[in-house]
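Undergrad: Dropping the sequence and predicted coords here.
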Amino acid sequence: MPIAIRHGASLSWEKQGDGPALILGAGLGGVGAYWAPNMAALTAHFTVYRFDQRGTGGSSREPVVSVEQMSADLIAVMDDAGLERAMYLGHSTGGAIGVATALDYPDRISAMMIYASTTHGDAYRRKILGLRSRLFGELGVAAYAGYSTLLLYPPYWINAHQEEIAASERAAPDQLGSADIQVSRFEAILNFDRRAELSRIAIPTLVVCAEDDILTPKYFSEEFVRLIPGARGHFVARGGHALSRTEPELFNEIAIEFFQGASTG
């Protein structure tokens, strides 16, 4: 896979498909492989770019400083790919990266879908991520991966996908950095708060969240809709935090409709 270099850090990315450019940004796990269930549908309509965020996957295994740093990493990936402008779909932490990019590099993102993300780190989020941090540091990556499954997926999906979940949990050590790296990612998203600036975002924006998402509850998405001019919300009844994986056909339909409309003006 191609590698972009920024301030000495290696940033792994890949390109697939044909059509208008669409970048996919993953959540706290950080790896482009998160989007595997959606690639066939999305690459039929768009040229899709995926990347492994700093500290994860095939990118440099080093701590992050802030969401803004990860946004600058995204710009480095875009430059390496020769992308002047693109549409952007971000999940959770990836949604925050998109928001930071739309604010700090307003000419680079033409349309944005914020999926299951947060506007700031409140007491609820600090409690959840604090426990995730302790699990990783005190019990190890296996315990962390098992707890993450409970946060990402709703009960109906866990019951129906036990083998897939077991394989995903076994792969966690290869995708995640050390406990220190993951804690730095927790701190970056908890400290991210650009609510006072969201009125400056002037691109088509769709905010998507499942009603049963316990990791990034719906009220964050509702706040994005209130604060971003012209933003629309799309809320679905079930699917948990990983809606794109639990209900991929529905998610793909939502994303394709939005980005096709955005790409044709």
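TA: Now that the structure is in, tell me what you want to look at.

Undergrad: quick one: stretch 71-83 to chain centroid distance?
TA: Here stretch 71-83 is found 16 Å from its chain centre; the criterion is CA atoms, centre = their mean, to the nearest Å.

Undergrad: Sorry, wrong one. I was asking about stretch 118-135.
TA: Relative to its chain's centre, stretch 118-135 lies at 16 Å (CA atoms, centre = their mean).

Undergrad: Counting by contacts, list what the helix or strand of the chain with the lowest mean pLDDT packs against.
TA: Sorting the helices and strands of the chain by mean pLDDT, DSSP states H and E puts helix 162-175 at the bottom, at a mean of 90. Packing partners of helix 162-175 (3 or more CB pairs under 8 Å, 6 or more residues apart in numbering; DSSP states H and E): helix 141-152. In short, each C-beta sits where N, CA and C put it, glycine included.

Undergrad: Please work out which residues outside the helix it packs on touch it.
TA: 29, 128, 131-132, 135-136, 158, 165, 168-169, 172-173, 176, 182, 214-215, 240-242, 245 (CB atoms under 8 Å, 6 or more residues apart in numbering).

Undergrad: Mind checking which of these are in strands?
TA: Of those, none are assigned to strands by DSSP state E.

Undergrad: From these, which land in helices?
TA: Per DSSP state H, helices hold the following members of these: 128, 131, 132, 158, 165, 168, 169, 172, 173, 182, 245.

Undergrad: most surrounded residue in these?
TA: Using other CB atoms under 10 Å as the neighbour test, the ones in helices among the contacts of helix 141-152 are led by residue 182, with 25 neighbours.

Undergrad: wouldn't residue 223 be in contact with residue 119 here?
TA: Yes: taking CB atoms under 8 Å as the definition, residue 223 is a contact partner of residue 119 at 4.8 Å.

Undergrad: Fine by me, we can end here.
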